[in-house]
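K.L.:
turn this into a model:
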Amino acid sequence: MITQNVTLDGLMLILFLVIVTGVALPFSSFFIRVFTGYMSRGIPGHIEKTIYRFSEIDPDQEDGWKGYARDMLAFNGIGFVILLILLLLQGFLPFNPENFGAFNLFTAINTATSFVTNTNWQVYSGETTASYLTQMAGFTVQNFLSSATGICIAIAVMRGITRQSTDRIGNFWVDITRCTLYILLPIAFIFALILASQGVIQNLDPYAQAIGYGPTGQQTIAMGPVASQEAIKELGTNGGGFFNANAAHPYENPTSLTNLIEVFLILLIPVTLPLVFGRMTGKMWQGWMIYTVMLVLFLGGFCTLYAAELTGNPLVKELGVSGISMEGKEVRLGLFGSSLFATSTTATSCGAVNSMHDSLTPLGGLVTLFMMLLGEVAFGGVGSGFYTMIGFVVLSVFIAGLMIGRTPEYLGKKIEVLEMRAAVIAVLVPGVLVLLLSGIALVLPNVEELMKNPGPHGLSELIYAFASMSQNNGSAFAGFDASNPFYTLIGSLAMVIGRFVPAVSMLALAGSLAQKKKVPPSSGTLPTASVTFSIWMILVILIIGALTFFPLFAMGPIAEHLTMIGGI
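P.N.:
Reported below is the predicted structural model:
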């Protein structure tokens with residue numbers, strides 16, 4: 001048990017968020033340059049144009065939303081097939097010094113789906129299952145491409161909102177090339193070097209053998225190209241881990257500095273995208289409004305989780321033990337580092353963890369679960385957080401218009417039936433998946449055997465697993481065994497639906513809005529760049545989350561908390 005300087009932690013949080021936002025502001029300008037083709041000039045442009053010639057892509061040809069969605073789905077489908085083949089043939093391929101065999105079919109399907117959908121849910125231990133070739137050519141490559149896919153969808157949605165009288169929202173092949181070439185690759189390369197300089201390993205050596213350690217007098221120490229995967233897994237809010245212990249492993253996250261760097265990478269692009277939207281619309285206050293809503297939700301989650309862990313378990317204090325409990329957390333990273341990481345990884349679609357969420361207090365665990373089930377919009381995954389937030393904006397505008405008798409419009413575009421349907425699908429489908437799949441699992445005969453803890457905590461473990469898969473997060477509450485064929489296959493389905501149904505629906509919304517003419521604002525137009533509308537949006541998001549999931553929260557973490565404070 002240790003004590004905590006709350007004031008210092010508060011100042012560190014403020015400074016950290018100021019740094020992230022301060023970097024995101026000029027970074028948003030860079031995004032505009034990338035996606036408008038400005039960066040295609042000069043030497044970098046030659047590489048881009050070579051890719052187009054090799055792939056027979058016309059960079060001047062744009063598509064409507066159906067063509068954009070078709071190319072996006074085809075691209076990710078091809079990625080799934082390639083990764084699946086790689087996993088099934090792993091035992092015959094090079095860069096496998098430990099001679100790991102092939103993944104079994106069900107695990108391979110689940111893993112390939114996981115990395116293609118930006119979920120990175122893992123039902124295996126990376127250092128005992130995946131070869132170096134699989135980690136590099138399989139997982140790391142998909143970390144780039146799946147995150148780039150989410151960013152491209154967000155940019156296409158922005159185009160749909162800002163353009164008028166056209167059915168074109170962009171060229172997916174051009175967008176993903178530019179995103180990967182100019183944004184993800186350079187930044188990941190720079191931060192891989194920074195992480196390596198701080199002790200994150202990067203090699204292709206065979207596993208080392210340490211003599212004199214462990215119960216057998218010998219210990220195997222895993223090696224591998226970790227820094228290169230660590231940088232993009234955080235930058236792309238992919239999650240997963242080279243090691244089973246994830247970012248709690250000292251080879252992935254050795255110091256408090258690397259911990260802050262990794263959280264910085266997790267938040268960088270999600271914080272940037274609302275500001276990109278503000279620049280693209282020519283109305284920065286629209287971007288700041290969305291950013292503010294995300295920030296308030298994020299701060300609410302962090303403060304609640306931090307306070308819950310700071311308060312701790314009263315039953316432990318009755319034993320005469322003072323201070324906060326670090327069980328399940330990394331002592332070298334402290335309460336602040338663990339709380340910031342846990343909040344950030346579940347507020348985005350990043351499944352990286354530096355502490356075991358299963359060890360959090362009931363209210364602390366509730367925060368991680370709630371941040372995912374809100375739709376991961378605070379600040380959300382790369383791209384997916386932004387376009388889901390746009391879905392909430394559309395819902396908020398429509399509901400407010402009905403309540404006060406004003407025309408439901410957003411940035412001069414009327415919100416009609418098609419836009420409402422698309423927004424509802426994007427916002428509610430992942431949550432419905434969680435409810436449906438959790439309900440199915442609870443009536444299966446062996447579900448209690450898969451829960452390592454009884455009662456409300458075991459229910460939280462199960463709900464968390466389906467929330468993580470359906471919301472494309474990938475982190476695990478731990479304690480629930482989801483490795484049998486039923487859960488690997490049903491989980492794969494959840495990841496596909498949770499990723500691509502909202503994405504396609506938001507592309508449809510973008511395509512519909514792009515065709516509309518902008519209507520000049522009038523006295524009947526609802527202002528959407530105001531403090532009032534920001535508060536309204538926060539309420540809509542919280543109400544939808546509460547109405548949808550309150551029964552699960554009540555039977556899981558809330559019941560466990562009441563049991564705990566009741567002295568049981």
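
K.L.:
per-residue pLDDT, the residue positioned nearest the centre of the chain?
P.N.:
For the chain, Ser349 is the residue whose C-alpha lies nearest the centre (C-alpha atoms, centre = their mean; 1.1 Å). Note for Ser349: predicted pLDDT of 85.

K.L.:
mind listing the helices for the stretch 301-450 of the chain?
P.N.:
All helices of the stretch 301-450 of the chain, identified by DSSP state H, counting those that start in this stretch, fall at 314-317, 334-347, 362-373, 384-404, 417-442, 447-450.

K.L.:
switch those helices over to a markdown table; also include distance to Gly37 and mean neighbour count.
P.N.:
All C-beta spots, glycine's among them, are computed from the backbone N, C-alpha and C. Formatted as a markdown table, the helices of the stretch 301-450 of the chain follow (distance: least, C-beta to C-beta, whole Å; neighbours: other C-beta atoms under 10 Å):
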| stretch | distance to Gly37 | mean neighbour count |
| --- | --- | --- |
| helix 314-317 | 59 | 13 |
| helix 334-347 | 32 | 26 |
| helix 362-373 | 36 | 25 |
| helix 384-404 | 21 | 23 |
| helix 417-442 | 28 | 19 |
| helix 447-450 | 51 | 14 |
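
K.L.:
between those helices, which gets nearest to Ile153?
P.N.:
Ile153 lies closest, by C-beta to C-beta, to one member of the helices of the stretch 301-450 of the chain: helix 384-404, at 5.9 Å.

K.L.:
what helices or strands is the closest one leaning on?
P.N.:
When contacts are defined as 3 or more C-beta pairs under 8 Å, 6 or more residues apart in numbering; DSSP states H and E, helix 384-404 sits against helix 141-162, helix 256-281, helix 284-311, strand 409-410, helix 417-442, helix 485-514, helix 531-553.

K.L.:
export those to a markdown table and tack on distance to Asp358 and mean pLDDT?
P.N.:
Converted to a markdown table, the helices and strands packed on helix 384-404 look like this (distance: least, C-beta to C-beta, whole Å; pLDDT from 0 to 100):
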| stretch | distance to Asp358 | mean pLDDT |
| --- | --- | --- |
| helix 141-162 | 25 | 95 |
| helix 256-281 | 20 | 94 |
| helix 284-311 | 13 | 92 |
| strand 409-410 | 41 | 84 |
| helix 417-442 | 17 | 90 |
| helix 485-514 | 17 | 93 |
| helix 531-553 | 17 | 87 |
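
K.L.:
out of the ones you listed, which gets nearest to Leu193?
P.N.:
Of the helices and strands packed on helix 384-404, the one closest to Leu193 (C-beta to C-beta) turns out to be helix 256-281, at 11.6 Å.

K.L.:
now that closest one against helix 334-347, angle please.
P.N.:
Counting by axes from the mean of the first three to the mean of the last three C-alpha atoms, to 10 degrees, helix 256-281 lies at 40 degrees to helix 334-347.

K.L.:
please state the offset of helix 256-281 from the chain centre?
P.N.:
12 Å (C-alpha atoms, centre = their mean, to the nearest Å).

K.L.:
on that earlier part again, ok, the residue nearest to the centre of the chain touching Asn473?
P.N.:
Yes: at 5.3 Å, Ser349 and Asn473 qualify as touching, with contact defined as C-beta atoms under 8 Å.

K.L.:
need the overlap of contacts for these two.
P.N.:
Residues touching both Ser349 and Asn473 (C-beta atoms under 8 Å, 6 or more residues apart in numbering) are 119, 239, 376.

K.L.:
pLDDT score assigned to the first one?
P.N.:
Translated: Thr119. Listed pLDDT for Thr119 reads 90.

K.L.:
distance between the ends of stretch 369-377?
P.N.:
13 Å (C-alpha to C-alpha, to the nearest Å).

K.L.:
thought Gly45 was touching Met39, still the case?
P.N.:
Yes: applying C-beta under 8 Å, one finds Met39 in contact with Gly45, separated by 7.3 Å.

K.L.:
Ile85 and Ala108: what is the separation?
P.N.:
Using C-beta to C-beta, to the nearest Å, Ile85 is found at 9 Å from Ala108.
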